[in-house]
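Undergrad: 3D, please:
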Amino acid sequence: MAEFTGLLGDVLGWMNSPLRTQQMQGIGGLLSSGLSSISDTDKKYQELYAKAFSDPRNPMKVTDQSALSDLTDMTMSGAMSFAPAGITKAPRMSAAQAEALGYWHDIGAGKKLPIPVSQMKMDLQPIANLPPKIIASPEKMQGGAIVPFVGDRSAAGQNLLGIGDVKFQTPVPLEGGYDFMRMQSPTGSIWASEKGAAQGLQNAVDRAAKVGSGDVYGVYSAMGPESMNFNTMMSDALLEQMKAGKIFKKDIASFDKEVKALRPEWKGVMHPESRAQLESNGALRHAFVDRMQLDKFQNAGFPNISYTRYAITDPLLLNEPMYSGGLAIGKMKPGAELITNPVSPHKTYDTQLAGKYFGGFEQSLPKEILFPDWYKMRRDINSPVSGDVRSFQLSKPIQQTNQEWLDNLMNYLSTQKSLLD
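TA: Numbering: from 1, shown residues only. Got it, this is the predicted structure:
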């Protein structure tokens, strides 16, 4: 058994002394044994890491795949501390170790993941009668114009039944996201947003109709992972995990108090109306997620924000750059009235735009390929590339789908296909 020094050694020595009660000696023995196990585990972990990445000139190069596999298995199932819902907490490691094992991803929004993305899992149930996906033909779009429809990365057409080892009491419907177009097209609706933003999009569609032949296409463009913090799918999934988890009542009370400080109308996590309240109040959802992602609540066993974000993300968008797009395209109706009483309401947004599902490309395309005139303008005026994302978000460019646009897009798709063959 390992020897412990310093204050820890003094405490364990006192507990294991023959002068203590048998109960105290027993506790001391168990504590010493547990700490020794962790110490031995940490030593083995370091040995495996040294073997898996043994090239000092290239510390990120995998030199022993078997050791890396053992290292990953040990990370997932070894003597580590455990978070609620069966999530293993990430062990102490260097930044290089964490990156090599997959603990960093955009889905974490700048924070280390509790487990690698490759180990995350969720329970999904497909919704019946989802219209089939159509592969869009860029040639058929020639002569018109496209407008970016910026949306979050959430999946659609499925019910989320659980995350990790947690099973939900009430399923969470996934509404999209880009596939909202495909789901809702039979009702005559193509996009959902808040009324002001929806009117701004319709105004852009109306302007785009004057650019070319009059045909206008709304092209889905992906926002960053954190954009999902606002939708009802995120708050519902977090709430369901809390209700099924094992969080101390005092911690839930502390959380409720902090949310109420921002939104006095909050009735509390365990209130029977909590889910309905979150679904109907965007400002409350924002406060709910904002408080839950604080370290003090994440460390107290509250649902992990990154893991939940992963569970509602469409897999095709997990690794896509900001504002890449084209997985869904809608043919819009210039001059149409906003749909304020939709046949099938979206829980997050109150207003919808009229249109028809046109299809989607086989893969996401960079914004520079979809909107080349905007990109060229940025370079012509020597604007920094680092500001492209923010500029794209604010400018909402309109792109004419002329021959140059088509040739450039088709060449990109052909190149990508050849790389995969």
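
Undergrad: which residue packs closest to Glu258, ignoring adjacent ones?
TA: Among residues not flanking Glu258 along the chain, Arg291 sits closest, at 4.8 Å (C-beta to C-beta, 6 or more residues apart in numbering). Glycine gets a C-beta too; all of them are placed from N, C-alpha and C.

Undergrad: Identify the residues contacting the host helix or strand of that neighbour?
TA: Arg291 belongs to helix 282-292 when elements are defined using DSSP states H and E. Helix 282-292 has contacts (C-beta atoms under 8 Å, 6 or more residues apart in numbering) with 194, 229-232, 234-235, 238, 255, 258-259, 262-263, 265-266, 277-278, 297-298, 302-303, 305, 348.

Undergrad: How far away from the center of its chain is it?
TA: Taking the mean of its C-alpha atoms, helix 282-292 sits 16 Å from the chain's own mean (C-alpha atoms, centre = their mean, to the nearest Å).

Undergrad: can you pull the contacts of the most centrally placed residue in the chain?
TA: Computing the C-alpha centroid of the chain and ranking residues by C-alpha atoms, centre = their mean puts Arg309 first, at 3.5 Å. With contact set as C-beta under 8 Å, 6+ apart, Arg309 has these partners: 107, 109, 225-226, 228-229, 234.

Undergrad: So for the helix holding Arg291, what gets flagged as buried?
TA: Neighbour counts using 16 or more other C-beta atoms under 10 Å place 282, 284-285, 287-289, 291-292 of helix 282-292 among the buried residues.

Undergrad: And those, which is the shakiest by pLDDT?
TA: Within the buried residues of helix 282-292, pLDDT reaches its minimum at Gly282, with 90.

Undergrad: what about it, distance to Gly176?
TA: Counting by C-beta to C-beta, to the nearest Å, the gap from Gly282 to Gly176 is 17 Å.

Undergrad: Can you name the element that comes right after the helix or strand where Asp373 lies?
TA: When elements are assigned from DSSP H and E, Asp373 belongs to helix 372-380. Toward the C-terminal end, the helix or strand that comes next after helix 372-380 (DSSP H and E) is helix 388-395.

Undergrad: can you tell me which of the contacts of Arg309 are in helices?
TA: Judged by DSSP state H, these include Met234 as members of helices.

Undergrad: among the contacts of Arg309, which ones are buried?
TA: Among the contacts of Arg309, those classed as buried by neighbour count (16+ other C-beta under 10 Å) are 107, 225-226, 228-229, 234.

Undergrad: Kindly reformat those as TSV containing pLDDT and distance to Gly162.
TA: Listed next are those as TSV, based on pLDDT from 0 to 100; distance: C-beta to C-beta, whole Å:
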residue	pLDDT	distance to Gly162
Ile107	92	18
Pro225	91	21
Glu226	90	23
Met228	87	18
Asn229	86	20
Met234	95	15
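
Undergrad: Tell me the one of those residues nearest Ala328?
TA: Distance to Ala328, by C-beta to C-beta, is smallest for Met228 among the buried ones among the contacts of Arg309, at 16.6 Å.

Undergrad: so who does the closest one touch?
TA: 152-154, 234, 309, 312-313.

Undergrad: Likewise for Ser235?
TA: Ser235 neighbours (C-beta under 8 Å, 6+ apart): 278-279, 285, 288-289.

Undergrad: how far away is it from Asn159?
TA: Taken as C-beta to C-beta, the span from Ser235 to Asn159 is 16 Å.

Undergrad: again with Ser280
TA: 20 Å.

Undergrad: same deal with Tyr103?
TA: For Tyr103, the distance to Asn159 - C-beta to C-beta - is 29 Å.

Undergrad: and if you look at Pro138?
TA: 33 Å.

Undergrad: And Asn129, by the same measure?
TA: Separation of Asn129 from Asn159 (C-beta to C-beta): 14 Å.

Undergrad: Could you check how many residues crowd around Asn197?
TA: Heads up, residue 197 is Ala, not Asn. Ala197: 14 surrounding residues under other C-beta atoms under 10 Å.

Undergrad: secondary structure element for it?
TA: For Ala197, the host element (DSSP H and E) is helix 195-208.

Undergrad: helices and strands around the helix or strand just after that helix, which ones?
TA: Downstream of helix 195-208, the next assigned helix or strand under DSSP H and E is strand 216-222. Secondary-structure packing of strand 216-222 (3 or more C-beta pairs under 8 Å, 6 or more residues apart in numbering; DSSP states H and E): strand 145-151, helix 195-208, strand 325-332, strand 351-359, helix 367-370.

Undergrad: List of residues touching the shortest one?
TA: With contacts defined as C-beta under 8 Å, 6+ apart, helix 367-370 is touched by 146, 148, 219, 221, 323-326, 374-375, 388, 392, 399, 408-409, 412.

Undergrad: hang on, the earlier thing: settle it for me: which of Asn129 and Asn159 has more neighbours?
TA: Between Asn129 and Asn159, counted using other C-beta under 10 Å, Asn159 has the larger neighbour count: 15 against 7.

Undergrad: for this protein, which spans come out with low pLDDT?
TA: Residues of the chain meeting the criterion pLDDT under 70: 1-46, 48-49, 52-53, 55-62, 65-92, 421.

Undergrad: residue boundaries of the strands in it?
TA: Per DSSP state E, the chain carries strands over the ranges 122-126, 145-151, 156-163, 166-175, 189-193, 216-222, 325-332, 351-359, 399-400.
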